[in-house]
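# Okay, sequence plus prediction incoming.
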Amino acid sequence: MSAGGFSDEGNDQRRRTAEYFTRELEINWGNAGAIPYLRLPVLVEKPEVREKILMLARKRGLGVTPMYPCSIDALDGVPSNSGGCPRAAGAARALLTIPTHHILTERDRARIVALFREAGFAASTVMDADIASHSSFAHHEAQ
């Protein structure tokens, strides 16, 4: 067992799956295989593309999720004296996560890539420097 309670084999599978998605979706954000993501984060800038991805994923049962409904400062009961967190709010609006677990089959992975493409997701090698420097999110613009 590795730190965090996951098996080395399970972590290796998560790394390989993250590498697959970053390669197939042309996500250019460093060494995806270095981290065994529980869910691979992707930022999709165009809301209509993000919503179409989510709709198709729900319909097809593929486990792509928005993860967070809003930034933490917008949650009821969370004190915020800062006047908001615009970068966090933007990330929450753009965030999707892709499953990387060992139950995901090759067919499931191919179907996830296909639905991203069907929804109009297109890779971009440009990362928002502010988001990239403060997180490990994959960042893309849909064309």
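Thanks, I have the structure now. Numbers count the residues shown, from 1 in each chain.
# now the helices: where do they sit in this structure?
Remark: helices assigned in the chain by DSSP state H are 8-24, 47-60, 86-94, 106-118, 129-134.
# where among those helices is the average confidence lowest?
Note on these: lowest mean pLDDT is at helix 129-134, with a mean of 42.
# contacting residues around the residue nearest to I98 when sequence neighbours are not counted?
Excluding the flanking residues, the one nearest I98 by C-beta to C-beta, 6 or more residues apart in numbering is L40, at 4.4 Å. The way it works is simple: take the backbone N, C-alpha and C, and place the C-beta from them, glycine included. Residues in contact with L40 (C-beta atoms under 8 Å, 6 or more residues apart in numbering) are 17-18, 21-22, 32, 97-100, 138.
# For these, please prepare a markdown table with the additional fields distance to G77.
Output for the contacts of L40, formatted as a markdown table (distance: C-beta to C-beta, whole Å):
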| residue | distance to G77 |
| --- | --- |
| T17 | 35 |
| A18 | 34 |
| F21 | 35 |
| T22 | 36 |
| A32 | 35 |
| T97 | 24 |
| I98 | 30 |
| P99 | 29 |
| T100 | 31 |
| A138 | 31 |
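# Redo those residues as TSV? Include distance to E9 and neighbour count.
Output for those, formatted as TSV (distance: C-beta to C-beta, whole Å; neighbours: other C-beta atoms under 10 Å):
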residue	distance to E9	neighbour count
T17	13	24
A18	15	24
F21	19	22
T22	21	21
A32	18	22
T97	22	18
I98	20	27
P99	17	21
T100	13	26
A138	24	24
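# now, which of those sits nearest V44?
When those are compared for distance to V44 (C-beta to C-beta), A138 wins out at 9.5 Å.
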